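> Take this sequence and fold it.
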Amino acid sequence: MIAVTSTAHRGTRISFSSQCDRESYRESGCFPIAVTSTAQRGTRISFSSQCNRESYCVSAQTCDNENIQAPVPKRAKANNRQSTLSWKTQTDVDMVPHTLRFLPARETGPQLSSAESHSPMSLFKLFFSESAVSTLCHNTNAQAAKATAKGCKNKWKDVSIGEMYRYIGLLFYMAMVNVSSISDYWRQSSVFSVPFPATDMSRDRYRTISRNVHMSHADADKVNDRKRGTAEHDRLFRVKPLMDTIYHTFLGSGYHVYMDNFYTSPKLLKDLFAVKFGACGTYRDNRKDCPRNAANSLSKKSARGSIRWIRDGPLVFVKWMDTREVSVCSTIHSAHSGDTVQRRVKSQGTLRTKTFPCPAPVTAYNKHMGGVDLSDQLIQYYTTQHKTIKWYRKIFLHFLDIASTNSFILHKELHGNISHKEFMQQLITELCGWSQKAAPNRTSTDHIPVPGAELRWQECCDGWSPVLCALQSSAWEKTPWKCQACSVHLCLQLNKNCFQEWHKDV
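Here you go, the predicted model:
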């Protein structure tokens, strides 16, 4: 990303590439000829070496002949069209791009009702709706059924929308309360025990859901995997069903998309323009189809504020010299519309403010990408990301981070000043179905042992099936009793009174 006074590149990179026929090299014994190319202007320097057996390699058999005539090189591949385009300066007039008509599929922005109180959970559902969770539950249950059919020993009960929201709340809780390992959240015997997760979901249930959580259907995955190695294979298919459910409200035409150089490519911007989406972003000079013509380009000695640009149809490439070279491409803007920026420069031993010309794409990029930096910063405070083998799980967790951050920003605009920590606490409480009141406000008379509502009559045992005690880690330590106020199953025996141990601090 570009800060207001920084450039698109995060530092100098030096890359070396060598393209030669290894088999030809082994057979002929020739050595590749080092060719030092003109360095990419700015902070990115590249060296390329291209050798061809017939045109540049000299075999050992012909080295003894002094009157060697170099073979006629094969005709090289046609250069990219970008290499034939020439860089222009800010004095050259650029065309004004066609303005895309803004036709959203629905009214833009969050659809809020003035009659509602807009709790953290209701705002969270604007970005991660029940339909998205329903899709997640359906595909997770299908994946679990597939694992069970393969002989997985873990017992599975289909996850519901309410339970999936509780699972998401537990993920947010783990983002706020850090322990050394996942199992420590359910370790009650330690002095550092964390009681909340056990009251929301059992450890085994959490692990089973985490193991099977899936954004795409198992059968559809199998069909897509058969296409591996072909143009029809979709490498992002495992996240598409959930992603389509989330962003369907943003469909339409005329939107402007801003992105950093990790995502920007000429093909992407042209494809977006074809479906009536404008786009602008910084780009990397070595990216495919980006201009590589060095003629009249910027150099390290170019004056600050110098502008070079190339237009290729609806897409314009712009280079601007700030403290370093900035490279931006856009289908929304013209190369230069008279915008200026102020920079403090040292002149005659003193710092003075000086005005420099600035390309229109750079001005717009800095204006619209500033909020992204703030969003990324907020995400890192309470991120659900953790080490995982499955790549699509990390994307699922990132969806949750974005939804919680957006809902916090919206809640702050609606209800005034509230800390990020307080918002996350309220969101976790609502997602997990807990009351807003804290447990210490209850009187001790509220904590009465009652038979658990989850008990089922077992005809084979002629009695009630007990439930695992919240304070016991062993699967054999089960109890038919639970606290009426805490809704936690606890042992209540003469020689083992977990009920009393649990309520010591209440």
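> distance between the ends of stretch 469-488?
8 Å (CA to CA, to the nearest Å).
> Residues contacting the longest helix anywhere in the chain, please?
Among the segments of the chain that qualify as a helix by DSSP state H, the longest is helix 391-415. The set of residues external to helix 391-415 that reach it, using CB atoms under 8 Å, 6 or more residues apart in numbering, is 110, 112, 118, 120, 123-124, 126-128, 168, 171-172, 213, 215, 238-239, 242-243, 246, 375, 378-379, 382-386, 388, 418, 420, 423-424, 427. Every C-beta, even on glycine, is put in place using the N, C-alpha and C of the backbone.
> what's the answer for stretch 89-104, then?
By CB under 8 Å, 6+ apart, stretch 89-104 touches 88, 252-255, 276-278, 296, 306-309, 311, 314, 316, 331-336, 357.
> ranges for the helices of this protein?
For the chain, helices defined by DSSP H occupy the ranges 22-28, 120-127, 130-149, 161-176, 196-200, 203-212, 218-226, 240-247, 266-274, 360-381, 391-415, 420-431, 498-502.
> what's the third one packed up against?
Of the remaining helices and strands, those touching helix 130-149 by 3 or more CB pairs under 8 Å, 6 or more residues apart in numbering; DSSP states H and E are helix 161-176, helix 203-212, helix 218-226, helix 240-247.
> Out of those helices, point me to the one whose mean pLDDT is lowest.
Among those, helix 240-247 has the lowest mean pLDDT, at a mean of 85.
> How about stretch 149-163, which residues are buried there?
For stretch 149-163, a neighbour-count test (16 or more other CB atoms under 10 Å) marks 156, 159, 163 as buried.
> where in this protein is pLDDT low?
1-84, 113-116, 190, 249, 434-468, 470-477, 484-485, 487, 494-495, 501-506 (pLDDT under 70).
> Let's check: the centremost residue of it is which one?
Nearest to the mean C-alpha position of the chain, by CA atoms, centre = their mean, lies residue 398 at 5.3 Å.
> What about the nearest residue to residue 155 once chain neighbours are set aside, how many residues nearby?
Of all residues not flanking residue 155 in the chain, residue 208 sits nearest, at 7.9 Å (CB to CB, 6 or more residues apart in numbering). Residue 208 has 19 neighbours, counted by other CB atoms under 10 Å.
> Can you tell me how far residue 208 is from residue 140?
Look at residue 208 and residue 140: by CB to CB, to the nearest Å, they are 10 Å apart.
> do residue 96 as well
50 Å.
> Have a look at those two and say which one is more surrounded.
Taking neighbours as other CB under 10 Å, residue 96 and residue 140 compare with residue 140 leading, 22 against 9.
> The more buried one contacts residue 209, doesn't it?
Yes: with contact defined as CB atoms under 8 Å, residue 140 reaches residue 209; the gap is 7.0 Å.
> any residues in contact with both of these two?
Listed contacts common to residue 140 and residue 209 are 159, 164; contacts here mean CB under 8 Å, 6+ apart.
> what separates the residue nearest to residue 155 from residue 180, distance-wise?
Distance from residue 208 to residue 180, by CB to CB: 22 Å.
> Same question for residue 158.
Distance of residue 158 to residue 180, given as CB to CB: 32 Å.
> And for residue 358?
On the measure of CB to CB, residue 358 and residue 180 end up 50 Å apart.
> Look at these two and report which has more neighbours.
The neighbour comparison of residue 358 against residue 180 (other CB under 10 Å) goes to residue 358, with 23 against 7.
> Just confirm the more buried one contacts residue 343, I think it does.
No: using CB under 8 Å, residue 358 makes no contact with residue 343, being 9.8 Å away.
> sorry, back to before: pick the most deeply packed of the helices and strands packed on helix 130-149.
helix 161-176 (a mean of 20; mean count of other CB atoms under 10 Å).
> Give me the contacts around that helix.
So helix 161-176 is in contact with 128, 130, 133-134, 136-137, 140, 159, 182, 185, 196-197, 200-201, 206, 209, 382-384, 386, 397, 400, 404, 421, 424-425, 427-433, going by CB under 8 Å, 6+ apart.
> Quick one, which of the residues you listed are buried?
For those, burial is judged from neighbour counts taken by 16+ other CB under 10 Å, and it is met by 128, 133, 136-137, 140, 159, 185, 197, 200-201, 206, 209, 382-384, 397, 400, 404, 424-425, 427-432.
> Now residue 262. Its backbone dihedrals?
Torsion angles at residue 262 (phi, psi; degrees, to the nearest 10) stand at phi -70, psi -30.
> So what's the residue count around it?
So residue 262, with other CB under 10 Å, has 10 neighbours.
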